[in-house]
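Chemist: Predicted structure and sequence below. I'll ask about it afterward.
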Amino acid sequence: GVSEAELTFLQTVPDKMEACLREFLSKNACPPELAQDLDRYIAATLLKNVASPTANLNSLYPFFADDPETFVALQEKVRSLLEDLLAEAASQGLDDSFFIHYAPNLGRDKTGKEVVWFAQEEESGTTDFQFMLRGAIKEAGVLALLNHYYFNRVGSYPLGEGFNARQAPHDMEALVQLVTENFDPEQMPLMVGVGDTVTAKVQENGEVKRGGSDRNFLQLIQNLNKPFNSGNITVYVDSSGGELKNRKPLVLTEASGVVKVTSGPGDKADPLQLNVAFPEGHEQYCHVFDKAAGDRTLT
């Protein structure tokens, strides 16, 4: 479902991101440690993904941790670049080809666009600025994977052989309805959704802004459990190790040998209810996954 024109445009994005970063850092007080090794840090910042070229500011944030105003200016600069790229794409007839993804974010505004989380105090806020193919979202990918899973099981595609993620609706209710109307409950597998980017930020007015690039994907896994009763599980991996300043580590308490999570990435009213958490990060998760796969093979 991707055109050559779209791929050609995406190939130009990393160079424009690099030019944007160099211009900003040349016009602002660049810390000596950063200036001495600027090429390496810019290379680490640019992720030249085919379908989602990204500026990841995590490696730059430590240099501006004590100067949040400058880091916010950098966030605004990169956001402005991505918005200009959308306009440029539209001028080339690609007005419905791409969208901007911010990670982590503060949910979506009334127009459906993701909200940037600007840095403040000791929080870096949004660090991943991604220019993405429209339709390249995880919850749409769930439908594409299910479509192929059913073909492998029963020999037919519930959504058609040519279905791809770009054809999936974006609305959560519409996603659930599409699956409910087309997939045989008897063949529905137990799904385990695993994510590490889920946020909930309380604003000054008490409003809670919920976001994170894994939120909607995990919410879909949870919501599909109701109509199909397939025992789906949502899993949160605390992967930051305290290094990422936009994610608070899980707070744990132990009583009578039982460890519980007393503070996590959501809030009490959060509709996303995570079932399992891995406070020791990806290594702990990989160990459990490897053991589970081994046990399954033995049985």
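Modeler: Now that the structure is in, tell me what you want to look at.
Chemist: Can you tell me the strand partners of the helix or strand harbouring residue 55 and which way each runs?
Modeler: For residue 55, the element it lies in under DSSP states H and E is strand 54-56. Here strand 54-56 is paired, per DSSP bridges, with strand 46-47 (antiparallel), strand 128-133 (antiparallel).
Chemist: Reformat those as a markdown table; add distance to residue 235.
Modeler: C-beta: built from backbone N, CA, C; applies to glycine. Listed next are the strands paired with strand 54-56 as a markdown table, based on distance: least, C-beta to C-beta, whole Å:
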| stretch | distance to residue 235 |
| --- | --- |
| strand 46-47 | 24 |
| strand 128-133 | 21 |
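Chemist: Of all those strands, which one is nearest residue 154?
Modeler: strand 128-133 (29.8 Å; C-beta to C-beta).
Chemist: List the buried residues of the next helix or strand along the chain from the closest one.
Modeler: Going down the chain from strand 128-133, the next helix or strand is helix 138-154, by DSSP H and E. Buried residues in helix 138-154, counted by 16 or more other C-beta atoms under 10 Å: 138, 139, 140, 142, 143, 144, 146, 147, 149, 150.
Chemist: next structured bit after helix 138-154?
Modeler: Downstream of helix 138-154 (by DSSP H and E), the next one is helix 172-182.
Chemist: Can you give the distance of that following helix from its chain's centre?
Modeler: Using C-alpha atoms, centre = their mean, to the nearest Å, the mean C-alpha position of helix 172-182 is found 22 Å from that of the whole chain.
Chemist: For the remainder of this discussion, apply numbering that starts at 193.
Modeler: In the new count, where the first residue is 193, that last one comes out as helix 364-374.
Chemist: Counting by contacts, list what it packs against.
Modeler: If you count contacts as 3 or more C-beta pairs under 8 Å, 6 or more residues apart in numbering; DSSP states H and E, helix 364-374 packs onto helix 330-346, helix 407-420.
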